[in-house]
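Undergrad: Using only what follows, build the 3D model:
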Amino acid sequence: MHHTLFSLSVVALLSLALTGCPSTDDPGDPAPDWGFVSALLAAECSPCHTSGSGFPAADPMNDLGDADAAYATLVGHPAAEAPGLNRIEPGDSEASYLVHKLEGTHIDVGGSGGQMPDNGPYLDADRITAVREWIDAGASQEITGDDDDAADDDDAADDDDAADDDDAADDDDSATGGEFSNVFTTVIAANCSCHAGAAHSTGFAFNGDEATAYGVLVGVDSFENPGMNRIEPGDPAGSYLWNKINGTQDAVGGSGGQMPLGGTPLDATALGMVEAWINDGANP
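TA: The predicted structure is shown next:
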């Protein structure tokens, strides 16, 4: 047995010497697990791929916010846009349509539509590489709880997410209304990813830019309730956005679901920040 293992090791070393190509694998850095990937999908994709109000029940990738449901609809499941490819092909990230959708190379493999997340912001190379590593390692559903993966500080649960020290519970909370920059950073940018692109069917699209967000919110008619501005300075109850995040949109003549759509409703501190900002005049 020991002789066999020694022989295999010699063969491997000889192969490496002949090719001249060092391995790109780091044996001390295990591949990311499903815990990392499912958290990433929940943060970046579930706001639009949801079974919530306003989205078709036929969406083949509903409920990406649920780890078990997401795994079942992705791994080994044929891609609707690219016949012949699975959404995730265990052991082969290059044959996994999800990877191409994240990288924007989906057209090259016979797919269609746009790069995901829809309208951006798109995932950086480190996080896509981490997804590839998980797939190439077999796309196991096992969650190890390991924090030594390839996207340690960039994943969906790091210090940049909606629950970090910059969120609605920080030192700029509802004690004062403050400037719009506080509301934008801690509430809109962190929770309204479906509107983060350059275009949206409702007209509320901020393209990742604070000034753009302010310009399409304050004193602008809402799409669902044209008789009410999205933000009416000094009047939270008369602001459609305020009603949407409180779930009272139907009571003021609006429609659709509570925002964030398909996500966790804003907590009292975040709501208090928005309310105070509007009451103080919705200053830029």
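Undergrad: Just the buried residues of the stretch of helix or strand Trp277 belongs to, please?
TA: If you go by DSSP states H and E, Trp277 is part of helix 268-279. Using 16 or more other Cβ atoms under 10 Å as the test for burial, helix 268-279 gives 270-278. Every residue, glycine included, has its C-beta placed from N, CA and C.
Undergrad: Let me know the average pLDDT across it.
TA: Mean pLDDT, helix 268-279: 90.
Undergrad: Stretch 44-54 now?
TA: Stretch 44-54 shows a mean pLDDT of 59.
Undergrad: Find me the pLDDT at Ala282, would you?
TA: Ala282 carries a pLDDT value of 93.
Undergrad: Correction: the previous question concerned Asp136.
TA: 94.
Undergrad: Correct me if wrong: it contacts Ala95.
TA: No: the criterion here is Cβ atoms under 8 Å, and Asp136 misses it with Ala95 at 10.6 Å.
Undergrad: so who does Pro90 touch?
TA: By Cβ atoms under 8 Å, 6 or more residues apart in numbering, the contact list for Pro90 reads 75-76, 135, 138-139.
Undergrad: filter the residues you listed to the buried ones?
TA: 75, 135, 139.
Undergrad: Give me the subset of those residues that lies in helices.
TA: Of these, the ones assigned to helices by DSSP state H are Ile135.
Undergrad: and which of the buried ones among the contacts of Pro90 is nearest Ser222?
TA: Nearest to Ser222, judged by Cβ to Cβ, of these is Val75 at 39.9 Å.
Undergrad: Columns distance to Gly254 on top of the contacts of Pro90, output as CSV?
TA: Shown next, in CSV, are the contacts of Pro90 (distance: Cβ to Cβ, whole Å):
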residue, distance to Gly254
Val75, 38
Gly76, 41
Ile135, 42
Gly138, 47
Ala139, 42
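Undergrad: Now for Glu94, how many residues are close by?
TA: Other residues near Glu94 number 13, with proximity taken as other Cβ atoms under 10 Å.
Undergrad: Kindly report the same for Tyr240.
TA: Residues near Tyr240, counting by other Cβ under 10 Å, number 26.
Undergrad: From what I see, Glu210 and Phe184 are in contact.
TA: Yes: using Cβ under 8 Å as the test, Glu210 is close enough to Phe184 to be in contact (4.7 Å).
Undergrad: sorry, back to before: among the contacts of Pro90, which one sits closest to Leu241?
TA: Closest approach between these and Leu241, by Cβ to Cβ: Val75, at 37.7 Å.
Undergrad: Can you give me every residue that contacts the closest one?
TA: The neighbourhood of Val75, defined by Cβ under 8 Å, 6+ apart, consists of 86-88, 90, 139, 141.
Undergrad: now, among those, which is nearest to Gly219?
TA: Using Cβ to Cβ, Arg87 comes nearest to Gly219 of the contacts of Val75, at 43.0 Å.
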